[in-house]
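Novice: Sharing a model prediction with you, sequence too.
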Amino acid sequence: MKPGPVPREPVVARREGDAVVVSTGVLRAKLGGSGSGFIQELSYDANGDGRLSADETVVGAARPGALRCGEFSSAFGKPERLEVEEAGPIRAVIRVSGHHQSPSGEKSVAYDVRLTFY
């Protein structure tokens, strides 16, 4: 097998307080942090102009993203574990673990997710 092309920009994963920010050049994700849910922000450079504009935000305050399990959701609590397992330059792997919760904070099914960014 031949190696694939080298990315134009390295994948970067860095801590910002209690959040992890990942950038691939065309995608930016903010995981964890002070808000609820484990994906705080996800933006994608859809038009290829090299900038991330408000209309390219897929997940954010106006467009929340969450895992749901009936009335329970990952959006009602912060992740219990947020770990950078790999940090570039070809890819980043972020492990996010926690519990689905009700709006009142009752815990239900656990989740353990690895997000891979290229």
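Specialist: The structure has been received and is ready for your questions. Numbers count the residues shown, from 1 in each chain.
Novice: What helices and strands are in contact with the helix-or-strand element of the chain with minimal mean pLDDT?
Specialist: Ranked by mean pLDDT, DSSP states H and E, the weakest helix or strand in the chain is strand 68-69, scoring a mean of 77. With contacts defined as 3 or more CB pairs under 8 Å, 6 or more residues apart in numbering; DSSP states H and E, there are no secondary structure elements packing on strand 68-69. In short, each C-beta sits where N, CA and C put it, glycine included.
Novice: residues in contact with it?
Specialist: 74, 100, 108-109 (CB atoms under 8 Å, 6 or more residues apart in numbering).
Novice: which residues sit against stretch 77-87?
Specialist: So stretch 77-87 is contacted by 11-15, 18-20, 31-38, 92-99, 101, 105, 107, 114 (CB under 8 Å, 6+ apart).
Novice: Now do the closest residue to His100 other than its chain neighbours against Val12, distance only.
Specialist: By the measure of CB to CB, 6 or more residues apart in numbering, the closest residue to His100 outside its immediate chain neighbours is Phe72, 3.7 Å from it. Phe72 is 33 Å from Val12, where distance means CB to CB, to the nearest Å.
Novice: Among these two, which residue is more densely surrounded?
Specialist: It is Phe72, of Phe72 and Val12, that has more neighbours when counted by other CB atoms under 10 Å, with 19 against 16.
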